[in-house]
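> This is the structure alone, sequence omitted:
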């Protein structure tokens with residue numbers, strides 16, 4: 001049996017990496033992972049512009065303005081966003097200017113808001129000085145030409161699309177999506193939405209959970225046909241998934257020590273290499289990881305919470321390595337209450353975190369799904385000892401999805 005940290009090391013050392021796919025448009029980029037750094041091609045803003053509707057003025061002219069000595073300035077021009085910059089200078093006075101309009105340049109070095117002036121027929125009245133640079137957005141104050149906007153390995157979100165679009169970037173380089181096959185075992189399983197044929201059947205929640213997680217991460221998913229407790233049928237489905245060209249196979253159930261736990265023997269018969277089988281964790285100890293042909297393989301225990309732990313703490317690290325992303329780091333919280341645990345096992349427990357404290361919830365059995373709906377994180381308890389006192393520091397990770405890359 002391998003420790004969790006040893007298992008992580010094996011996964012990261014043996015994971016293959018996704019090849020670059022080329023470029024995709026911004027409309028198709030959300031959820032994709034960048035294959036190369038994306039650099040800014042120009043300054044943003046591209047020119048000094050007004051942050052407010054108001055009047056461009058020369059700050060030095062306003063130094064003596066006060067409530068007792070108001071300053072009257074004629075208005076000699078108008079600028080709106082999108083107007084071309086005048087080649088000839090404006091006549092002396094203030095320039096009415098709209099938000100986003102390019103400032104008129106020297107000697108106009110500030111903008112006073114329209115709310116801070118009084119309008120007269122011939123101009124405006126100021127009752128306070130305006131400091132240099134007030135309400136002016138300087139060129140390059142958001143992005144500089146040549147800056148790194150997003151690094152390789154970043155998963156593109158809507159915020160990245162906004163940044164790229166702000167720089168005039170219409171497409172970005174991405175890695176190929178991971179291609180993942182899912183295969184469920186067990187004659188007791190039936191797909192939700194279909195009718196049970198006998199009372200002893202249970203719903204295949206683990207398979208749909210994995211598919212939902214994979215699709216959320218932008219993976220291309222192939223669902224193999226669920227097989228009963230039949231090693232021959234399982235091997236045939238394995239071959240189909242391999243022939244479809246998947247990078248990774250996720251199999252649920254039949255990895256423990258029971259009469260119908262045939263998965264490890266079946267994949268060995270198909271020429272697989274098993275890197276490890278069983279890890280010192282709870283829940284999910286029987287987990288299996290290996291390589292079968294060109295595809296990596298995870299055999300996950302079938303109980304739903306064991307499947308969730310296998311996904312979150314084994315498959316996600318594999319996918320991050322496959323997509324050339326750095327290992328993620330959890331947050332640290334203090335336990336609100338003392339908690340007991342089995343010695344020698346790293347425990348991944350459903351928990352609730354609030355204001356820097358974490359509480360391990362009741363209902364940690366590997367079949368109990370309802371507690372996942374109350375939890376907002378996985379509390380990770382170390383192998384050492386049989387209990388942890390209130391106030392002990394532990395790591396916490398988000399429930400089902402990876403942290404921001």
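That came through, no problem. The structure displayed is predicted, hence computed values, not measured ones.
> Which helix or strand contains residue 317?
Assigned by DSSP states H and E, residue 317 belongs to helix 316-322.
> Determine the set of other helices and strands touching that helix.
Contact here means 3 or more C-beta pairs under 8 Å, 6 or more residues apart in numbering; DSSP states H and E; on that basis helix 316-322 packs against helix 4-14, strand 248-252, strand 295-300. C-beta: built from backbone N, CA, C; applies to glycine.
> Any regions of this structure where pLDDT drops low?
258-260, 401-405 (pLDDT under 70).
> Helices of that one, residue ranges please.
Secondary structure of the chain (DSSP state H): helices at 4-14, 158-166, 205-216, 231-243, 263-269, 304-310, 316-322, 370-374.
> closest to residue 386 out of those helices?
Closest approach to residue 386 among the helices of the chain (C-beta to C-beta): helix 4-14, 17.5 Å.
> Can you point out the buried residues in the closest one?
Buried residues in helix 4-14, counted by 16 or more other C-beta atoms under 10 Å: 4, 7-8, 10-11.
> Stretch 146-156 too?
So, applying 16+ other C-beta under 10 Å, buried residues of stretch 146-156: 149-150, 152-156.
> Out of the helices and strands packed on helix 316-322, flag the one nearest residue 339.
Short answer: helix 4-14, nearest of those by C-beta to C-beta, at 17.9 Å.
> how much distance is there from that closest one to the middle of the chain?
22 Å (C-alpha atoms, centre = their mean, to the nearest Å).
> same deal with stretch 179-197?
Averaging C-alpha positions (C-alpha atoms, centre = their mean) puts stretch 179-197 29 Å from its chain's average.
> what's the answer for stretch 347-358, then?
20 Å.
> Residues contacting that stretch, please?
Here stretch 347-358 makes contact (C-beta atoms under 8 Å, 6 or more residues apart in numbering) with 281-284, 305, 309, 312-313, 331, 333-336, 339, 341, 359-361, 363-364, 371-372, 374-381, 394, 396.
> For those, which ChimeraX command selects only the ones that are buried?
Filtering these down to the buried ones (16+ other C-beta under 10 Å) takes a single ChimeraX command:
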select :281,282,283,284,305,309,312,313,333,335,336,339,341,359,360,361,364,371,372,375,377,378,379,380,381,394,396
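> Out of the contacts of stretch 347-358, list just those in strands.
281-282, 331, 333-335, 339, 359-360, 377-381, 394, 396 (DSSP state E).
> now the helices and strands packed on helix 316-322 as TSV including distance to residue 69?
What follows is the helices and strands packed on helix 316-322, written out as TSV (distance: least, C-beta to C-beta, whole Å):
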stretch	distance to residue 69
helix 4-14	71
strand 248-252	75
strand 295-300	77
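> So what would you say the end-to-end distance of stretch 86-93 is?
16 Å (C-alpha to C-alpha, to the nearest Å).
> make that stretch 151-158, sorry
16 Å.
> Measure how far that stretch is from the centre of its chain, please.
Using C-alpha atoms, centre = their mean, the offset of stretch 151-158 from its chain centre is 8 Å.
> before we move on, back to that, of all the helices and strands packed on helix 316-322, which one is nearest residue 25?
strand 248-252 (26.7 Å).
> Neighbouring strands of the closest one in the sheet, and parallel or not?
Using DSSP bridges, strand 248-252 pairs in its sheet with strand 179-184 (parallel), strand 295-300 (parallel).
> quick one, which of these is packed in tightest?
strand 295-300 (a mean of 26; mean count of other C-beta atoms under 10 Å).
> and the angle for it with helix 4-14?
Taking axes from the mean of the first three to the mean of the last three C-alpha atoms, to 10 degrees, one finds that strand 295-300 is oriented at 160 degrees with respect to helix 4-14.
> Next, the angle from strand 295-300 to helix 205-216.
Between strand 295-300 and helix 205-216, the angle comes out at 140 degrees (the same axes, to 10 degrees).
> returning to what we had before: which two from the ones in strands among the contacts of stretch 347-358 end up farthest apart in space?
Greatest spacing in those, by C-beta to C-beta: 281 and 334 (22.5 Å).
> With distance to residue 191 added, can I get the buried residues of stretch 146-156 in a markdown table?
Converted to a markdown table, these look like this (distance: C-beta to C-beta, whole Å):
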| residue | distance to residue 191 |
| --- | --- |
| 149 | 43 |
| 150 | 39 |
| 152 | 39 |
| 153 | 35 |
| 154 | 36 |
| 155 | 30 |
| 156 | 32 |
